[in-house]
Every structure is written in C-alpha cells, then in structure tokens.
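Colleague: give me a model of this one.
(2 chains)
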2 protein chains.
Amino acid sequence: MLVEQENGTVILRRTAEYQPPRSWRTWLIGRPLPTADAPHQTIGKLVGLAVFASDALSSTAYATQEIMVILAAVGTAAFGLIFPISVAIVVLLAIVTFSYQQTIHAYPGGGGAYIVARDNLGELPAQMAGAALLTDYILTVAVSISSGVAQVVSAYPELFPYRVALSVGLVLFVMLMNLRGVRESGTVFAVPTYFFVVMMTVTVGTGLVQAALGRLGQVVNPPPLEALHTAQALTVFLILRAFSSGTAALTGVEAISNGIPAFREPRSRNAGITLIWMSVILGSLFLSISFLAGRIGALPSEQETVISQLARTVYGGRGVLYLASLLATTVILFMAANTSFADFPRLSALLALDGFLPRQLAYRGSRLVYSRGIMALAGIACLLIVVFRASVTGLIPLYAIGVFLSFTLSQAGMAHRWWKIGHLAPDQEVQERGSVLRYMPRWQLRMVVNGVGAFCTGVVMLIFATTKFRDGAWIVLLLMPTLVMAFSAIHRHYRNLARALSLEHYGAPPAVTRHRVILPIGGVHRGTLAGLRYARSLSDDVTAVYVALDPAEADRIKKKWEMWGEGVRLVVLDSPYRLLLEPLLAYIEEVLRQRQPNELITIVVPHFVPRRWWHNLLHTQTALMLRMALLFKPGIIITDVPYLVE
Amino acid sequence: MLVEQENGTVILRRTAEYQPPRSWRTWLIGRPLPTADAPHQTIGKLVGLAVFASDALSSTAYATQEIMVILAAVGTAAFGLIFPISVAIVVLLAIVTFSYQQTIHAYPGGGGAYIVARDNLGELPAQMAGAALLTDYILTVAVSISSGVAQVVSAYPELFPYRVALSVGLVLFVMLMNLRGVRESGTVFAVPTYFFVVMMTVTVGTGLVQAALGRLGQVVNPPPLEALHTAQALTVFLILRAFSSGTAALTGVEAISNGIPAFREPRSRNAGITLIWMSVILGSLFLSISFLAGRIGALPSEQETVISQLARTVYGGRGVLYLASLLATTVILFMAANTSFADFPRLSALLALDGFLPRQLAYRGSRLVYSRGIMALAGIACLLIVVFRASVTGLIPLYAIGVFLSFTLSQAGMAHRWWKIGHLAPDQEVQERGSVLRYMPRWQLRMVVNGVGAFCTGVVMLIFATTKFRDGAWIVLLLMPTLVMAFSAIHRHYRNLARALSLEHYGAPPAVTRHRVILPIGGVHRGTLAGLRYARSLSDDVTAVYVALDPAEADRIKKKWEMWGEGVRLVVLDSPYRLLLEPLLAYIEEVLRQRQPNELITIVVPHFVPRRWWHNLLHTQTALMLRMALLFKPGIIITDVPYLVE
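Modeller: Presented below is the predicted three-dimensional model:
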C-alpha cells in the first residue's frame, strides 16, 4: 500500500503486485483484471466480416424452414411459394443494406439504432429503439441456441428428449465464457465463420450443380411433417405470415453499424464494404437453400432441420461432409448467440449511463466485462428456452418484430437527419453537390434512400405484428411499452434523486436541539451494559425499553435495572399477545410523532456476536429483525453495539 | 395504552380492548390470543381414553400387515406364524402396561420418559430419551398419515398415484389446525375414537362369528403380494424381524403417562384404569385382526391394506359397512398424527427450557401454541413422507426403535427410583410394608416389575436394531447420538453465554479514551452531509473514506470535499480491480489492528431511504452489504444514518 498526501487528502494506492483475494469466482471466471488492462485493437475487413457476420449468416439455418412451417398448413403443394417469398426477402435485404450504408458513413463512431434514434428523433423513440434491441438480443440467444441444438439433434436423434437441458446448458456455458471476458481475438471468430461459409457454399453449390444436371434426389425418409396451424386455405394472409417468418433472415444485419469503431481506418469505408459482402453472402446462401429445399422435398420438423435434410440428400447420406455441414451450422449459431452476449451488456450499460436502466448495469465486473448484463441476458434467454421448450418455431413470432422496429427507427432517424442537414446547414451541402446526381440535392437523395428503408421495414413490421399477433407477437407488443415505461420511471427516479441530493442552494442544516437515545433491552447483562455505556456517550437523554411477555420476568428486570441501570429511565412495554417487535415499533412510532424539529433519535441495539455461526440459530435475532423493520424508516438512526461472547 | 409509574419505571399497559394488528396470519390461523387465555380443564376416564388412545389403537391398522410383509419373503405358507407372533406382542404389551401402572402412580404430575430419565438416571439418559421421543413423534406423524392415506387408497384405488401429495397435504392441514390451537374439547376426540372402536369391534366380531360358524370366506381378488425381501428360508432371524415389525402395535402406549395432569382427581387412579382399558382394547383388536387376516388369506400390499381386505371379506363387498370401517380407521390414524402435534412441541419446549434445544421452541406463538415446534414437526414429517414415498413398510424400520428406547429408559429410571427409595428412605416403606406381599419389601417388588419391563423392552429394542438395521434402523441409530450431541452442544452454548453475560464479579468498564468515527462516502451530496453532521456529533476524530474506482471521479470528490467536508480528513482508497467493499474492509481491519485499549470505533453509514421499495433495486446497496460484512465483527459499532429522498 502506497500512501500519498495531497492537500490534506490521504490516498492509499495499491502497489502493482497487489492481487485481490481469491474466491470461488476466481476458479469459475478467472482472476480479476485491473482497470488499466482494458484492451484496444482494430480489425480489417476479412476479420470484421467474421466478427460481425455470424449473427446475420446464421439465420440462414432456420429462415427457410420457418417459411415452410407456415406453408405446411396448406400442404406441401404450397412449397412452390418458398422461392418467391425468399426472393422478396432478399429484395428487402438489399434495401436495408443500401440504407445502412449511409448510417455507417454518417456515424463512424458507431450507429446503433438507439444512438441514431436518440440523436435524431428524441428520447421516446430512443427508448423504443432500446427496448426493441434488448428484446432482439435476448431472442437472438434463445433462437440461435435452440436452432443450434436442433442441428445437433438432427444428427443425433437420441438427444431429442434432452434438447431443453442441452440448450440451457449451452447458454450458461456461453455466459461463463463471456463472464471470463474472452478476448475477441478475431481468429476465434474467423475460423468458424469461414468454415460455415465454405461448408455451406460447398453444400448448396453441389446441390445446385446436381440440380442443373438433373441428378438432385429427394429426401430419403423425411421426418414427419409439422404444421404450425391446422389445415388452411392458401390466402394472402398466410403468404404474408410465411414471409414474416422468413424475415428472420434479416436479423443481425445491423451488427456492423454498431461495431464501426472496431474497424481499421478508413473505418466507415471498410465497414461499408464488409456490410455489402455480408449481405451478398447472406442473400445468395438463403436463396440457394430455399430453392434446394423445395426441390428435394424437404419437410419442416422439430426432429430434423431442413439444413440436415438438405445436406444428407446432397451428400447421399450421413457421411463426413454431412457432419461437417451440420457442425459448421451449429458452431455459427453459437457464435451468433455469443454476439448478443457482447451487444446486450454494452447497450444496457449505455442505457444505464443515460439513467434508463439500473446503474449497476454500467459497472464493469472483475473481468472488465459488464457481468450483470451478461447474467441478466442468460437468465432471461434460459427462461424463454424453457417456456418454449427450445422450439425455434415457437420463438420466431417473438423475434423479428424487435429487429424491424429498430430498423425502422434507425432509418427514420437517418432520414430525419438528412432533412435537418439539408435545411439547417445548406452551405455544407453545396460543396459536395453534383457528385452523384446533378439535379437533386445530395441530402434529398440520402433522405429518400433512408426513407424508403424506414418505410419498407416499417411495413414489414406491421405485417409481422398483424400476421403473428396470436402466435406470440402480442407478448412483444405488450413488453415494449412496458419496457419503455420502466425506462421512464427509472429515469425519473434518478433525476429526482440527483435533485434531492444536489448541493446547489444547500444551506448548512440548523443545529441539533436534542438527541434522544432509545435502548431496547432483552435482559440486564454485560451486553446490555455495553449498550448502555455507548448510549450514554451519545446523549444524556437515554431511555431503556423492555418488552414484557411475562409479568414475573418484568419484575426481575425492573429490580436488576434499579441496581445496574445507572439511573437511566426504564420503560416497560406490556405485551399481552407475546409479540416482541410490535410493541417496540409502536413505542418508537409514538416517540417519532412527538419529535421536535432538529431532534435526533438514535436507537442503540446491543447484540451478541457468538463465536460460531450456528450459535445464531439459538437466538431469536430480535436485534436483526428490529434493524430490518427500522432501516427504511426516515428520521431514525440505528446503532449496533456488538458484544462478543468469549 | 395505560401508563403506570412505579419507582421511576414507566409501564405502558395495553387496555383490554386492544387487538394486535391483523396480517395474512390472522386469516390463516385466527386472531392472536392473549396470554391470560391459557385454558385449564380436566377430563374423566371415558374422554381420557378417547384423547390418549388414538395413537395406540390406530397402530392396529398396520401392525398385522407389517408382520405379513416380512413373512411374505418365505411365502404365504409362513402366514401361520402371524397369530403366534401377535400373541408374543400382546404379552409384551401386558408387561409394558403393568410396568407403566407404577409410573402413573409415581408421577401424578406427568411421567414422560424424558422426565423420568432426567429425575432418576441423569442428564445423558434424559437426552437419549428426549432424542428417542422426538424421533418417535415425527415417525408417528409420517406413519399414521401414510397409513391413513393407504386406507383411503384401498377404497379409491384411482387415488394411488397421488398418495404422496395427499399425505403431505394432510400433514399440512393437521399442522394448520394445530397452529390455530384447536381447543381439545374431548368430544372432538371421543367421536372418532369410539367410532373406530365400535366399527372395528363390529368388523372383527362379525368375522369371528363367521369363522366359528365356518362361514368366513376368502379374500376375493386379493391385491398382488408384496414382499420386502427376495425369497428367503424361514429362519429365527426372519421370525424376529417379523416380530419387530409387529411391535409397532405398542407405539403410543406411553401417551397416558405423559398426560396424567389432564385427568380428574384422583388423577393417577383414573389414568391407571384408563391405561388398562386401552391395553385390553388394543390387545384384543390386534389379536383378532391377526387371527382373521390369516384365515381369510389376506395379502400384504401397498395397493390395498389388510384392514380393507378384511372388511370387504367380512361384509361381502364394498358396501356401507366396509366404507364406514375404512373411514373409522382413516380418521383414527389422523387423530394419532394429531396427538404427536401436541406431544412434540410440548417436549421440545421442555427441552428448550432445559437448554437442550433452541430457546425459540419454548415461546408460545400468537395462538398460545408452540408454533415453531409444530412447524418443525410438520416439515420433517413431510420430508420423510416424500423420501419414503408414503410407504408404511418403508417407514416402519425407523419407527419402533425410538419407542422402545424410551420405554427402556423410562422403566429403567423407575426401577432405579425404587432402589433409591428402598435404600435411602426405608422409614417411609416400613409403614406400607405387608400390604401386598409379606416377605418382600414393597420397593423390591416394584423394582422387579419395572426392571422386567425395562429388560423386555430393552431386549426388543436390540432385536429390532439388529433385524432392521439394514432396512433403515441404522438411520435412527445414527440420528440418536447426533441429536444427543446437538443437545449437549446447545446446552454448552447457553451455559457459556449465561456465564459470559453474568453480572457477578462485573466491575464498571474503564473510561473510553478515544472515539474514532469512520464515515464511508460514495459521493458528496446532501445524504453524505447528513452523515457527516451525525459523525461530528459523536466525536472530533472523524475520517471520511472514499473508494476510488475511477481516478477522474476521485479528483472530483476530493475537490467537492474540500468545499463541503468541514475540514474533516478524507482518505481515498485506490481500487484497481473495481472492488467496493474489499478496500473498505481492509482499511477498517487496519484501523482495528491499531486500536488502543478502551478506544471505540464507530462506522457511520449514510444510506438513502427511497420513497418506493423498487427504487432499492436501482442502487447497489453498498451500505447494506457493508453492514452485513461488519455486523459480526467484534469491536465495531455500526450506525445507519438514513436520508429520505423526497
């Protein structure tokens, strides 16, 4: 310990060798890291793609299947619609990508939906974006892990009954890894992401070649067909519902715009190019899978994923390449869940710093990560997995609505930003004018691009909310306003607190006129006298209080007090119902009512400190209960005088 | 509230109309009763039999069946032994009854095994008797309720899968009734007990008449035979094991000797006659059931009790009389469990008053009953029921060992008492001499009677422990010494505590030489200043302590403290690992190490009192955690200064 002295203030500094004490946590998540160790590192496009794409790319593992589950209500004949619906989703993907390009260039410091909405639309939209993103991250974990386990179960059907336990176990494992604070070294991400891209390209490539040569077979022994609903006619509503399910493919597209600061300079340019690469890979994989799933006669099922059916049809059985494909899919799904474990705590810390969430979420834990956010995310995700029995189909209706709300708010915020720039700072625009379109101001073009993005994603959100309402979207539609209200209530509390504690216009309080000390006693013994000694050191106005359960005992106490009480007044409270705390609290209430201004009231509570912990079980712990009952009562100061029994 | 003044002491007395505040407990167990309401009432022999016999008589419901379960390992051919074994048990019953007659006359104030052993054998045997009785009471609840539910299940086989839940529910119901403090009005007991005696007499009477006339049939559709063990040869060991199981019939015989004070005068005589009635009824019912069970070819089974098989064979089907017999059996079993709910809390209060159990067990709850004992009993009994899946056969090996240990200790105590009387107070005996036997001093005769009782029950206990060891008796044989050790440890603690707190040889403590006050602060605001104001009122030696997680923040605090700190010294504790409590605790340890004799150290902890309870979730509760960490540290006084945020 180094001691420094600085105008009267003493600073005790830890030496560099100092190590905090070890505990069970050290064993679980590793030794604490000093604050000075916070890392900084930038990445290039190839690694950036690996780091940020896992969430988006992994959604190809379930998007096609979720379209099929809806269409299955009509019958397998409706599977002809899989490809057209997928094309519509890829068009939407293109619009969103184009729109996000502008966000990336406008926010080189990171342009998540919360920040963009806060900057351009105000507090309420920002809170809505925050609520949408938090739900989105939670669902990413639940859906990705459930889908990953579904891939494992496809390859090893004997694990099917254990899928919920497996999923929960995996969430806890990812949580633990994140509590350790995994250094995101890039390569850790690069290997699984590129492994997935390669394996999927090989799988769909082989499939497409086989299809072109007319050699693509049909699924052997397909699993039992599952439909989410009972048999229905093919309606526009049903097609829109299938489309909504498929939009899950777009989740994760916004990841890059959050992570721009991680890119090497020129940051925005690198991030933008990476986003385009990602969208191209995502779009083509998704289209290919949808096309092939229809051709091979795959059937949606909880027991075997479409990816598994596709891989074993293309590779002609459950060989090495089949297993490698499923392994790649599983691993990228876990990476996607892992991404949320970085995003959720970061966003909740941001919200906490802005006073919308409990402040504790902004404190870094012993491994420099936001431990509380990580644990909260894991807890809620596990709950969802258990409630929905690890079914991707069950979780999907809750999923994309948050994603599309955040898309809409983010793009609307950008559109509004361009409008403001165009109207408030036209000078700046003049210089750049003419570079792309001669007859339209650049800000207008940009506003249109983001406006179209906001409009399209907004419409999709409405479609989603309507078609999925009864399947579970209502939960999210109820949850969002609840979250926003909670944010506001928390914000109000912190603002009021800051005002109440503020030292502005604070005058010195008036002098204390009287200090009353109350000393509850349970008997007259050395412990009581230790309390009495302390009470008398505080004030001359001391009252000892005894609760009489038994009149005979009360008489004994009175006699003893006359001998040992040093002349201090004793009040005996009669308790005909053998209650201990209640008469004492009633008495204190009475004293409080009679309190004069600037009078202090201190309760001195003597208590034993037994030598062994289990000895505490042998005492009624009245002192503890009294403390608990009084702790949150204003105007009363509680003093614990311990008495060690040796 | 009435105020009385008595040489300086103020007594605040509740007026007669005062009612304590209502809570959820009022709804559950009724309004609190004042201490003055404790009842006193005496009963005659007829009601006394009803009140005290339920435990003993109810054991006829399972004793025969448990003999059969053991013999079943040999095959149904061995069932010829049921009756001889039952005769042996009834002989044992006669010896015990005879022996207890003397206890009843010697202890008109109530002669439970604990009291008799404490008076005559010393502390350790008394503790053993206490441990034996407590286990016995717990098992009475578990066995009686399980057997009662088994009767219900026999009549309504569709309830078989729910027997554990039913049993637990019933234990909780009986617990609740006892927490309400049912007035034991006598009639409440008389109706079910005599209903049982009548129904059973009718059932076995009809059966015996049918047997005499040669019209007694065989059980139609007997349940599947269950044997506790795999097929075995008929050995002496097996016969002794069957005998041991049957001794469960003797449980509850000691109840009357506990309850003598409840009888009308002449108490001992009335109680003694009641005991003989009870034994006669118990013996004849048990013998009849055993005889008939063998004749009708009943089979022991978890699915249908022997009583049920007997009743439906005698009555020729599941008619009204059959249902009435089973109802009577079920109800008396619940009454037996209810008896333990009176005995267990009373004994544990007695042990608590003697300092062998936590003192809380001796406090009467709001309804004047020993609520803690009642809840403890229910909790442990439920645990046993769940662990043993409400199987009487599973529980029996744990049961009778405690009963027979208490019999042995009680009778041995009595034998020793007669010996003492004969040797220490011969004068008294001379007067009475010659009344029964001329040539043997009366005390010798009495000693022989109790000695034979002690010897027989002791031998049975050894047989039981040997033959049932592997079936579960080992649990009880381990538990008893553990309980006795716990009693001793608790006793030691209370004795040491009393010595440590005693005011004998207590001189006034030396004057306080120094009072150091430490004020941990988390910021500089109105709450901190309220704490500072209080701290300065305690002493001039105040040190404010701030834990610096962030150097920039620490600088701000230093500046603010220079302005608002009233010149009080500030210590900044550097915390490179972002720990809050640990540096503070280390600092306090250091201060403690440097403490001089008669120096007081007070920690003043300012804390917010938010307006709404959920606001507490928005704060880290460092104050609370600090308090918890320091509460049991000797030599430190903790003071909470609340600050209401309005």
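Colleague: strands of the stretch 151-300 of chain A, start to end?
Modeller: According to DSSP state E, counting those that start in this stretch, the stretch 151-300 of chain A carries no segments that qualify as strands.
Colleague: pLDDT score for the closest residue to chain B within the stretch 151-300 of chain A?
Modeller: For the stretch 151-300 of chain A, the residue closest to chain B is A:Gly181, as judged by Cβ to the nearest Cβ, at 12.7 Å. In short, each C-beta sits where N, CA and C put it, glycine included. A:Gly181 is assigned a pLDDT of 70 by the prediction.
Colleague: kindly report the same for A:Gly531.
Modeller: Here the pLDDT value assigned to A:Gly531 is 89.
Colleague: just the element for it, please.
Modeller: If you go by DSSP states H and E, A:Gly531 is part of helix A:526-538.
Colleague: which element follows that helix toward the C-terminus?
Modeller: Per DSSP H and E, the first helix or strand lying C-terminal to helix A:526-538 is strand A:541-548.
Colleague: just checking, what packs against the helix or strand following that following strand?
Modeller: Moving toward the C-terminus from strand A:541-548, the first helix or strand encountered (DSSP H and E) is helix A:551-564. In this structure, helix A:551-564 makes packing contacts with strand A:541-548, strand A:569-574, strand B:9-13, judged by 3 or more Cβ pairs under 8 Å, 6 or more residues apart in numbering or on different chains; DSSP states H and E.
Colleague: report the inter-axis angle for helix A:551-564 versus helix A:526-538.
Modeller: With axes from the mean of the first three to the mean of the last three Cα atoms, to 10 degrees as the basis, helix A:551-564 and helix A:526-538 are set at 50 degrees to each other.
Colleague: what about helix A:551-564, distance to the chain center?
Modeller: Centroid displacement of helix A:551-564 relative to its chain, using Cα atoms, centre = their mean, to the nearest Å, is 59 Å.
Colleague: mean confidence for that helix?
Modeller: 88.
Colleague: kindly report the same for stretch A:258-271.
Modeller: Average pLDDT, stretch A:258-271: 84.
Colleague: any idea which helix or strand comes after the lowest-mean-pLDDT helix or strand in chain A?
Modeller: In chain A, the helix or strand scored least confidently by mean pLDDT, DSSP states H and E is helix A:426-432, which has a mean of 50. Downstream of helix A:426-432, the next assigned helix or strand under DSSP H and E is helix A:442-467.
Colleague: near chain B, anything from whichever helix or strand comes after that next one?
Modeller: The element immediately downstream of helix A:442-467 (helix or strand, assigned by DSSP H and E) is helix A:473-501. Yes. On the criterion Cβ under 8 Å from any Cβ of the partner chain, helix A:473-501 is in touch with chain B at A:Ile490, A:His493, A:Tyr494, A:Asn496, A:Leu497, A:Ala500, A:Leu501.
Colleague: which of those residues are buried?
Modeller: In terms of neighbour count (16 or more other Cβ atoms under 10 Å in any protein chain shown), the buried residues within these are A:Ile490, A:His493, A:Tyr494, A:Leu497, A:Ala500, A:Leu501.
Colleague: residues in contact with the helix or strand harbouring A:Leu585: which ones?
Modeller: Counting by DSSP H and E, the secondary-structure element that holds A:Leu585 is helix A:581-593. Contact partners of helix A:581-593, identified using Cβ atoms under 8 Å, 6 or more residues apart in numbering or on different chains, comprise A:516, A:518, A:520, A:545, A:547, A:571, A:573-575, A:601, A:603, A:622, A:625-626, A:629-630, A:633, A:635-636, B:12, B:20-21.
Colleague: and it, C-alpha only, in CSV?
Modeller: What follows is helix A:581-593 as a C-alpha-only set of coordinates in CSV (Å, rounded to 0.1, in the frame of the first residue of the first chain):
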residue,chain,number,x,y,z
LEU,A,581,-41.3,-6.3,17.8
GLU,A,582,-44.8,-4.8,17.6
PRO,A,583,-44.9,-3.0,20.9
LEU,A,584,-41.4,-1.7,20.4
LEU,A,585,-42.2,-0.4,17.0
ALA,A,586,-45.4,1.2,18.3
TYR,A,587,-43.4,2.9,21.0
ILE,A,588,-40.9,4.2,18.5
GLU,A,589,-43.6,5.5,16.3
GLU,A,590,-45.0,7.4,19.3
VAL,A,591,-41.6,8.9,20.0
LEU,A,592,-41.3,9.9,16.4
ARG,A,593,-44.7,11.6,16.4
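Colleague: what mean pLDDT does it have?
Modeller: 86.
Colleague: for stretch A:56-73, same thing?
Modeller: 91.
Colleague: go on, stretch A:609-621?
Modeller: Taken as a whole, stretch A:609-621 has an average pLDDT of 72.
Colleague: end-to-end on it?
Modeller: The distance separating the two terminal residues of stretch A:609-621, taken as Cα to Cα, to the nearest Å, comes to 11 Å.
Colleague: please identify the helix or strand for A:Ile82.
Modeller: When elements are defined using DSSP H and E, A:Ile82 is found to belong to helix A:82-106.
Colleague: list the buried residues for that helix?
Modeller: Going by neighbour count (16+ other Cβ under 10 Å), the buried part of helix A:82-106 is A:82-83, A:85-86, A:89-90, A:92-93, A:95-106.
Colleague: same question, stretch A:560-570
Modeller: When neighbours are counted by 16+ other Cβ under 10 Å, the buried residues of stretch A:560-570 are found to be A:Lys560, A:Trp561, A:Trp564, A:Gly565, A:Val568, A:Leu570.
Colleague: skipping adjacent residues, who's closest to A:Met200 in space?
Modeller: A:Leu285 (5.5 Å; Cβ to Cβ, 6 or more residues apart in numbering or on different chains).
Colleague: isn't the one you found up against A:Met199?
Modeller: No. Proximity of A:Leu285 to A:Met199 does not meet the contact threshold set by Cβ atoms under 8 Å, at 10.7 Å.
Colleague: how far away is the residue in the stretch 301-450 of chain A that chain B sits nearest to from A:Thr135?
Modeller: In the stretch 301-450 of chain A, the residue found nearest to chain B is A:Pro358; the distance is 4.8 Å by Cβ to the nearest Cβ. As judged by Cβ to Cβ, to the nearest Å, A:Pro358 and A:Thr135 stand 18 Å apart.
Colleague: these two: who's more crowded?
Modeller: Set side by side, A:Pro358 and A:Thr135 give different neighbour counts by other Cβ atoms under 10 Å in any protein chain shown, the larger being at A:Thr135 (23 against 20).
Colleague: residues contacting the more buried one?
Modeller: With Cβ under 8 Å, 6+ apart as the criterion, the residues that contact A:Thr135 are A:Leu398, A:Gly402, A:Val476, A:Leu479, A:Met480, A:Leu483.
Colleague: and it, its phi and psi?
Modeller: For A:Thr135, the backbone dihedrals (degrees, to the nearest 10) come out as phi -60, psi -40.
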